[in-house]
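Undergrad: Quick one, structure for this:
(one chain, ligands or ions: 1)
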Amino acid sequence: MGAGADDPDTWSALVELAERLVAPVFQESFGARAGFPQDHRLFAGFLPADRPRLRAKLAPFDAILVVGAPVFRQSPFSEGRFTEPGTRIAVVGDDASEVTRSPAELAVLAPPAAVCRELARRVPAREASPPAPFHPPPAPAPPAAGEPLRAGHVLAALAERLPRDAVVVEEAPVDRPELHERLLAREPLGFLSAAMGGLGFALAGATGVRMALPQRPVVAVVGDGSSLYGIQALWSAAHYRVGVLFVILSNGGYAIMDRLAERRGLEAPWPRFDVDIAALARAFGCPGRRISTHDELVSAFDEVVPTLASRTEPELLDVVIAPTESFTP
Ligand SMILES: Cc1ncc(C[n+]2csc(CCOP(=O)(O)OP(=O)(O)O)c2C)c(N)n1
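TA: Coordinates of the predicted model:
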């Protein structure tokens, strides 16, 4: 399932269909939105964006129905087939270019909710034992004295506190896989991302979502590098009194670019940087504070997260973390 399935109608049609087939449901990789409730017992996790791991993940299945997503979004590129030979693929979606370029045996250009609802009515119920459900990894223990915070600490602390209806806007390149696994989308529009790698979307995007849907709590989780591609959105959030929580994962560099360079045996030519994003936020009129300990992190979340449904002032938490050392997209 993918971004093209992210509306209440399609979610409920897909739940009906998946339950009838006792079929595991995977979220597309590098997607813009979630296409299925990620806390449902048939949710099976996130497809890899890396082709060898995608092939391995899909190898047990003889038939795959793709709904509201391309077959299959991958980045960075690697050689080879998407699936093992013999796997049959059908795709349903209302994005004509996505449907027509997908290498599938059957491609249906149609509103996914209607198709899935009708399929759920027509396919025979399957007798099968349910697949293993997806569980987020356990929260990491707080860092020992002298050890830095890591992305996992921030994401796990947020996951423990966010209400079901929160909208999480993601632009945290190297930590996206872990963000997916910890911050599950439990309601439509629970997850939002630009999904094409171009930076500069999240601060303005989160502000706009909260303006359009003032009843939804909105949190943006953004890399420090990414935040600099559209930092002036903080002025808009402050000026228009938009109560978004901006969580900056400040690892002092372009970690994903470093990891991608390493994969190719290259040394990263770009420098590390140390920009005080909290001070920048304040310069734009948005309250901002720097967080460097687990206690500060937890007490800031305890203070701010419960106010998200009703607040009319943005807040930026600039959380200093160690760069994530591996990237398996
Ligand atoms: C507009 C734009 N410019 C440059 C890039 C290349 N780029 C991709 S990720 C990245 C670094 C992002 O840094 P940060 O937000 O700190 O995330 P991290 O990798 O540390 O998680 C850059 C420069 C891009 N994707 N889009």
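
Undergrad: how about the helices in the stretch 1-150 of the chain?
TA: 8-21, 51-58, 96-101, 112-122 (DSSP state H, counting those that start in this stretch).

Undergrad: and of these, who's closest to Phe36?
TA: In terms of CB to CB, the element of the helices of the stretch 1-150 of the chain nearest to Phe36 is helix 8-21, at 5.5 Å. Yep, even glycine has a C-beta here, placed from its N, CA and C like the rest.

Undergrad: Please enumerate residues in contact with that closest one?
TA: 1, 5, 23-25, 35-37, 40, 42, 67-68, 112-114, 116-117, 119-120, 123, 125-126, 188 (CB atoms under 8 Å, 6 or more residues apart in numbering).

Undergrad: that older thread, can you tell me which of the helices of the stretch 1-150 of the chain comes nearest to the ligand?
TA: helix 51-58 (19.9 Å; CB to the nearest ligand atom).

Undergrad: ok, and for the host helix or strand of Leu234, which residues are buried?
TA: Assigned by DSSP states H and E, Leu234 belongs to helix 233-239. Using 16 or more other CB atoms under 10 Å as the test for burial, helix 233-239 gives 233-238.

Undergrad: next one: stretch 147-164
TA: Neighbour-count burial for stretch 147-164 [16+ other CB under 10 Å]: 149-159, 161-162.

Undergrad: and if you look at stretch 302-311?
TA: 304-305, 308, 311.

Undergrad: could you give me the average pLDDT of that stretch?
TA: For stretch 302-311, mean pLDDT is 98.

Undergrad: related to what we said a few turns ago, in a markdown table: the buried residues of stretch 147-164, plus pLDDT, distance to the ligand and secondary structure.
TA: Formatted as a markdown table, the buried residues of stretch 147-164 follow (pLDDT from 0 to 100; distance: CB to the nearest ligand atom, whole Å; DSSP: H, G, I helix; E, B strand; the rest coil):
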| residue | pLDDT | distance to the ligand | secondary structure |
| --- | --- | --- | --- |
| Leu149 | 98 | 14 | coil |
| Arg150 | 98 | 12 | coil |
| Ala151 | 98 | 8 | helix |
| Gly152 | 98 | 13 | helix |
| His153 | 98 | 15 | helix |
| Val154 | 98 | 12 | helix |
| Leu155 | 98 | 12 | helix |
| Ala156 | 98 | 17 | helix |
| Ala157 | 98 | 18 | helix |
| Leu158 | 98 | 16 | helix |
| Ala159 | 98 | 18 | helix |
| Arg161 | 98 | 22 | helix |
| Leu162 | 98 | 20 | coil |
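
Undergrad: Can you name the residues that contact His40?
TA: His40 touches 15, 18, 25, counting by CB under 8 Å, 6+ apart.

Undergrad: and if you look at Trp270?
TA: 253-254, 257.

Undergrad: does Tyr254 really touch Pro269, like I thought?
TA: No - using CB atoms under 8 Å, Tyr254 makes no contact with Pro269, being 10.6 Å away.

Undergrad: between the two, which one's more packed in?
TA: Per other CB atoms under 10 Å, whichever of Tyr254 and Pro269 has more neighbours is Tyr254, with 23 against 7.

Undergrad: Not counting residues beside it along the chain, what's closest to the more buried one?
TA: Nearest-residue entry for Tyr254: Gly225, 4.9 Å, with adjacent residues in sequence omitted and distances by CB to CB, 6 or more residues apart in numbering.

Undergrad: same thing with Ala204?
TA: Ala233 is the one closest to Ala204 (CB to CB, 6+ apart), at 3.8 Å.

Undergrad: The residue of the chain found nearest the ligand: what's it in contact with?
TA: Of all residues in the chain, the one sitting closest to the ligand is Gly223 (2.1 Å; CB to the nearest ligand atom). Residues in contact with Gly223 (CB under 8 Å, 6+ apart) are 171-175, 248-249, 251, 255-256.

Undergrad: Counting neighbours, what do you get for Gly35?
TA: Residues near Gly35, counting by other CB under 10 Å: 28.

Undergrad: OK, contacts around it?
TA: Gly35 touches 1-6, 10-11, 14, 27-28, 67-69, counting by CB under 8 Å, 6+ apart.

Undergrad: follow-up on the earlier one: farthest pair within the buried residues of stretch 302-311?
TA: Top of the distance list for the buried residues of stretch 302-311 (CB to CB): Val305 and Arg311, 10.2 Å.
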